[in-house]
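Peer 1: Provided below for reference: sequence and predicted model.
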Amino acid sequence: MTLGRLARVFKGMIRARALWFLAAIPGLATVVPAQVQLSFPLERYRVGRYMPIRVRVASDAAAPLDLKIGAAGSFRTGLTVVPGAEIVAPFLPVVDLPSELEWSTQQGGGRAAVAPRPLEDDERLVGDVAGDLDILARALFPGLRVVTVHLDPAKPLPGPIAAWETLDALVLDESAAARLQEGELKELLAASTVVAIRTSRAPNDLWPWRQLGEYWVLRPGVIGPRAAVVPAAYVPVQRPAEGWPAAVRRQAVIIVFIFSILLCGAALWRSKWAAAVALLLAVMCLAALHAWRGRQQSWLQSAGSIRVRGELTQDDRWTYRRAIAPANLQLKWTPGAKPVLFSRRQLEAMDLTLNCGPDGKPAFFSFQLPRGGSIAFLQRTVLPAAPSAGALMRPESPLRPVAEELYGDRATLMGELPPPAEGMFSTVLMAVKSAAP
């Protein structure tokens, strides 16, 4: 056997051993970039609004992937994807997106080239399954440029409705509208999406539909903040930190009081063991305090609503989390919920992720807060009828400056309603100044 042949045999043995070693470690080489494909169905986006991202995982992947998708200047989306699946989930850009997304799994990660274009201020994005939109589009958005995206009539909005917040209008035919559930319609309205249905009669009497040619149109008329970075929203948590709640401080005082009594008893005990008992009591007290401290909640939460009454009723629930100590936190998803930041730097520091289920539906937010750090969440709902105002009370809600700053250009303050639950702010009540355009 020649020396060259021996070298080739030896090289083949090394390669075989290396492949065997990789195969012997589960998941070490199961994912390559080609197995994860990312795309944006709308191909357009608006900063501060959820957009749909489509995720495909090759069928030859060894196991379900715990996937996290992000980019510079966006929240991360986390989801579990089974091999061969294709799902749609929400993705939220805070600033203009770069040309690549980053994704990671328990086995590795990679990058995916994307090319969505940001919508200009004078552009409106309309999803359509009904056909010719020229006349309707001009009537819905006079003086603005309309960008049309044709949707699948069988399933116009795959995945969770929250993912399609970027749409300024949705145009359906009668058969597609029949599959739109009431809860989905409310989510679209909360996202400020105009809904138009080609039908000969009003879809129902619950909402104020208006006829426009061959279409019946429902305009939500939503007011208030839409951006992802809104410093004015943080007025309620810009006060000095209150520290631990009164109940926690009370428990600490009781523990110290009991220890003091026991220590005094040990000091009065005339025995050679008195010093040892006192030392033992001190050690036990410190251990008990440490264990008790570890069970205490390391964050505070406050919440309240700003309610805007008009043809429809808009209810914006603001929830604030503030950390007393460094904390890894979660907040359950509710329809229409969205984080609102004080600055982009805040996003980079808190590792904020929207965690979704295998079907792409959001489940909860996860994030990190440093000591003294805070974050705001806005949950917006739209109701078909205005509830009775009830007895108004004197102004005292910390949300009042938020209402004046972020809603005051299109609504007038009417007063406040009593807090709906213990520990919540009173509800700020407003009325629209004029009909939404």
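Peer 2: Looks like it came in fine.
Peer 1: nearest spatial neighbour of residue 303, chain-adjacent residues omitted?
Peer 2: Nearest non-adjacent residue to residue 303, counting by Cβ to Cβ, 6 or more residues apart in numbering: residue 319, 4.4 Å away. Using the backbone N, CA and C atoms, a C-beta is placed for each residue, glycine as well.
Peer 1: which secondary structure elements does the helix or strand harbouring the one you found sit against?
Peer 2: Element membership for residue 319, per DSSP states H and E: strand 313-323. Applying 3 or more Cβ pairs under 8 Å, 6 or more residues apart in numbering; DSSP states H and E, one finds that strand 313-323 contacts strand 299-309, strand 327-332, strand 362-369, strand 374-383.
Peer 1: which one of these lies nearest to residue 81?
Peer 2: strand 362-369 (14.2 Å; Cβ to Cβ).
Peer 1: can you name every helix or strand that that closest one contacts?
Peer 2: Packing contacts for strand 362-369, counted by 3+ Cβ pairs under 8 Å, 6+ apart, involve strand 313-323, strand 327-332, strand 337-340, helix 344-350, strand 353-356, strand 374-383.
Peer 1: give the rounded mean pLDDT of it.
Peer 2: For strand 362-369, the mean pLDDT works out to 94.
Peer 1: measure how the strand holding residue 319 sits relative to strand 327-332, angle-wise.
Peer 2: Inter-element angle recorded for strand 313-323 and strand 327-332: 160 degrees (by axes from the mean of the first three to the mean of the last three Cα atoms, to 10 degrees).
Peer 1: what's the burial count for the residue nearest to residue 303?
Peer 2: Using other Cβ atoms under 10 Å, residue 319 is surrounded by 19 other residues.
Peer 1: next one, pLDDT for it please.
Peer 2: pLDDT, read off for residue 319, is 96.
Peer 1: beta partners for it?
Peer 2: residue 303, residue 377 (DSSP bridges).
Peer 1: any idea whether residue 127 is helix, strand or coil?
Peer 2: With DSSP: H, G, I helix; E, B strand; the rest coil as the basis, residue 127 sits in strand.
Peer 1: counting neighbours, what do you get for it?
Peer 2: 21.
Peer 1: I'd say it and residue 165 touch.
Peer 2: No - the pair residue 127 / residue 165 is not scored as a contact, 11.6 Å apart, by Cβ atoms under 8 Å.
Peer 1: ok so, going back, in the strand holding residue 319, what counts as buried?
Peer 2: By 16 or more other Cβ atoms under 10 Å, the buried positions in strand 313-323 come out as 314-323.
Peer 1: with stretch 112-120 instead?
Peer 2: Under 16+ other Cβ under 10 Å, the buried positions of stretch 112-120 are 112, 114, 116, 119.
Peer 1: now stretch 322-329
Peer 2: In stretch 322-329, the ones that count as buried by 16+ other Cβ under 10 Å are 322-324, 327, 329.
Peer 1: any idea which of these is least confident?
Peer 2: residue 324 (85).
Peer 1: which residue packs closest to that residue, ignoring adjacent ones?
Peer 2: Closest residue to residue 324 apart from its sequence neighbours, by Cβ to Cβ, 6+ apart: residue 298 at 5.4 Å.
Peer 1: now residue 85
Peer 2: Nearest non-adjacent residue to residue 85 (Cβ to Cβ, 6+ apart): residue 57, at 5.8 Å.
Peer 1: that's a helix at residue 404, yeah?
Peer 2: Yes - under three-state DSSP, residue 404 sits within a helix.
Peer 1: what's the separation between it and residue 412?
Peer 2: Distance of residue 404 to residue 412, given as Cβ to Cβ, to the nearest Å: 10 Å.
Peer 1: repeat for residue 186
Peer 2: Counting by Cβ to Cβ, the gap from residue 186 to residue 412 is 25 Å.
Peer 1: mind listing the helices for the stretch 151-300 of the chain?
Peer 2: 174-178, 182-190, 246-268, 274-294 (DSSP state H, counting those that start in this stretch).
Peer 1: may I see those helices arranged in JSON lines, with distance to residue 75 as well?
Peer 2: Below are the helices of the stretch 151-300 of the chain laid out as JSON lines (distance: least, Cβ to Cβ, whole Å):
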{"stretch": "helix 174-178", "distance to residue 75": "30"}
{"stretch": "helix 182-190", "distance to residue 75": "18"}
{"stretch": "helix 246-268", "distance to residue 75": "32"}
{"stretch": "helix 274-294", "distance to residue 75": "30"}
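Peer 1: looking at those helices, which is closest to residue 394?
Peer 2: Nearest of the helices of the stretch 151-300 of the chain (Cβ to Cβ): helix 246-268, 23.8 Å.
Peer 1: before we move on, back to that, residue 43: which of the helices of the stretch 151-300 of the chain is closest?
Peer 2: helix 182-190 (19.9 Å).
Peer 1: one step back: so which of the buried residues of strand 313-323 would you say is closest to residue 284?
Peer 2: Nearest to residue 284 among the buried residues of strand 313-323 is residue 323, at 29.8 Å by Cβ to Cβ.
Peer 1: could you give the number of residues near the closest residue in space to the closest one that isn't next to it in sequence?
Peer 2: Closest residue to residue 323 apart from its sequence neighbours, by Cβ to Cβ, 6+ apart: residue 369 at 3.7 Å. For residue 369, the neighbour count with other Cβ under 10 Å is 22.
Peer 1: quick one, what contacts residue 369?
Peer 2: 299, 321-323, 326-327, 329, 350, 375 (Cβ atoms under 8 Å, 6 or more residues apart in numbering).
Peer 1: excluding chain neighbours, what is closest to the residue nearest in space to the middle of the chain?
Peer 2: Centroid-nearest residue in the chain: residue 338, 4.0 Å away (criterion: Cα atoms, centre = their mean). Taking Cβ to Cβ, 6+ apart, and ignoring the residues beside it in sequence, residue 338 has residue 378 as its nearest neighbour in space, at 5.5 Å.
Peer 1: surely residue 326 meets residue 370?
Peer 2: Yes - using Cβ under 8 Å, residue 326 is in contact with residue 370, at 5.6 Å.
Peer 1: which residue, other than its chain neighbours, is closest to residue 89?
Peer 2: Residue 89 sits nearest to residue 360 (Cβ to Cβ, 6+ apart), 3.9 Å away.
Peer 1: from residue 283, how far off is the one you found?
Peer 2: Distance from residue 360 to residue 283, by Cβ to Cβ: 53 Å.
Peer 1: and those two? Which one has more around it.
Peer 2: Between residue 360 and residue 283, residue 360 has the larger neighbour count (other Cβ under 10 Å), namely 24 against 10.
Peer 1: and the more buried one, what is it in contact with?
Peer 2: Shown in contact with residue 360 (Cβ under 8 Å, 6+ apart): 55, 79, 87-90, 159-160, 163.
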